[in-house]
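# kindly return the folded structure for what I paste below:
(one chain, ligands or ions: 1)
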Amino acid sequence: MEYVHRIEGERKISLSDFDPEETHGLKRNEAEEKMSRLTEELVELQELLYAANDTRLLVILQGRDTSGKDGAIRGVFGPLNSQGCEIASFKVPTEAELAHDFLWRVHLHAPASGQIVVFNRSHYEDVLVVRVHHLAEEKIWRGRYDHINNFERLLADSNTIILKFYLHISREEQEKRLMKREQDATKFWKLSVGDWKEREHWDDYTVAYEDAINKCSAPHAPWFIVPANKKWFRNLAIAEALVNALKPYKENWLKRLEKIGERELAAIEEFRRAAQSSGAKT
Ligand code: ADP
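Below you'll find the predicted structure:
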């Protein structure tokens, strides 16, 4: 039983069918214990992914304002080796970005072999905020679902594991979180009247998210709906999904490392033999 809801292939989900409060009856301390075990596993899997250097991991985080994208980055990806993990945040496009196709700025950050890249927002904004705020003609944003599917197919065909997480919070929870920011000076930097304005488009975003999830889910690029009202459960659910997705690769990565080891050990041996016979010191 997974804590996230995996969506792949032709589906017709409604977000209202998923409970953002869900915690599978877990208590916070139980979840924290599980989380520390999963974090250890994830750190170990990242090391293998990095060392084997043939697979790439792209994690996409999407969700409404305050849904916890930043918190998930800290809580789930914080413990990873930063040499092999990059965070790419996509904000309002710059002039230069707007002068290119919508995937240009995104493709630039696609992970290289052995690397993990986490997208904090992504190319999905081009069928979310762009759709809700009519920033492009309907014909343009409607055409983007196919472009996104083709793009993700290309990445998957290039050895990229793609995992897309929608952090699912309720409208009430968003209000609570926005209000809380107003009472905590350390959170003042996050205050934005824009967040309250965006709330007025709640239902439009729901439709846009449902379309993005339904039109762009595939076995090689699934969406995961993450119950995210409880921050500790959100992080646990994401960590578990990552470990489940990476584990099946472990054996192959170990085999690859074995081969790298054999090749390099043979080269070292050969070098030592040659050095000994010529009397050089090593
Ligand atoms: P965040 O809310 O992610 O912590 P910001 O407050 O800087 O960070 O918000 C980034 C903003 O950029 C969001 O409102 C998002 O909708 C917007 N954005 C991202 N991509 C695009 C895009 N392609 N077109 C228009 N706006 C975008």
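
# for the closest residue to the ligand within the stretch 1-150 of the chain, which non-adjacent residue is closest in space?
With CB to the nearest ligand atom as the measure, Glu125 is the residue of the stretch 1-150 of the chain nearest to the ligand, at 3.3 Å. Bear in mind the C-beta positions are built from the backbone N, C-alpha and C, glycine included. Excluding the flanking residues, the one nearest Glu125 by CB to CB, 6 or more residues apart in numbering is Phe90, at 6.2 Å.

# next one: Arg28
Nearest non-adjacent residue to Arg28, counting by CB to CB, 6+ apart: Trp232, 5.4 Å away.

# next up, the contacts around that neighbour.
28, 31-32, 35 (CB atoms under 8 Å, 6 or more residues apart in numbering).

# and the strand or helix carrying Ala208, what does it pack against?
Taking DSSP states H and E as the criterion, Ala208 maps to helix 202-215. Packing partners of helix 202-215 (3 or more CB pairs under 8 Å, 6 or more residues apart in numbering; DSSP states H and E): helix 129-132, helix 138-157.

# what do you get if the cut-off is 6 Å, keeping everything else the same?
The criterion is 3 or more CB pairs under 6 Å, 6 or more residues apart in numbering; DSSP states H and E, and the helices and strands that helix 202-215 contacts are helix 129-132.

# coming back round to it: what about the residue of the stretch 1-150 of the chain closest to the ligand, how many residues nearby?
20 (other CB atoms under 10 Å).

# secondary structure class for it?
Under DSSP: H, G, I helix; E, B strand; the rest coil, Glu125 falls in the helix class.

# make 30 the starting number, not 1.
Got it, first residue is 30 now, which makes that one Glu154.

# that older thread, in JSON lines, list the contacts of Trp261 along with neighbour count, pLDDT and secondary structure.
Below are the contacts of Trp261 laid out as JSON lines (neighbours: other CB atoms under 10 Å; pLDDT from 0 to 100; DSSP: H, G, I helix; E, B strand; the rest coil):
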{"residue": "Arg57", "neighbour count": "12", "pLDDT": "93", "secondary structure": "helix"}
{"residue": "Ala60", "neighbour count": "19", "pLDDT": "95", "secondary structure": "helix"}
{"residue": "Glu61", "neighbour count": "13", "pLDDT": "96", "secondary structure": "helix"}
{"residue": "Met64", "neighbour count": "19", "pLDDT": "98", "secondary structure": "helix"}
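
# also within reach of the ligand: list those from the residues you listed.
The subset of the contacts of Trp261 lying close to the ligand, counting by CB under 6 Å from any ligand atom, is empty.

# which positions in stretch 133-151 come out as buried?
134-135, 138-140, 143-151 (16 or more other CB atoms under 10 Å).

# can you name every helix or strand that the strand or helix carrying Glu73 contacts?
Here Glu73, judged by DSSP H and E, is contained in helix 57-81. Helices and strands touching helix 57-81, as assessed by 3+ CB pairs under 6 Å, 6+ apart, comprise helix 260-275, helix 279-307.

# next, the angle helix 260-275 makes with that helix.
30 degrees (axes from the mean of the first three to the mean of the last three CA atoms, to 10 degrees).

# contacts for helix 57-81, please.
84, 108-109, 113, 143, 261, 265, 268-269, 271-272, 275, 282, 285-286 (CB atoms under 6 Å, 6 or more residues apart in numbering).
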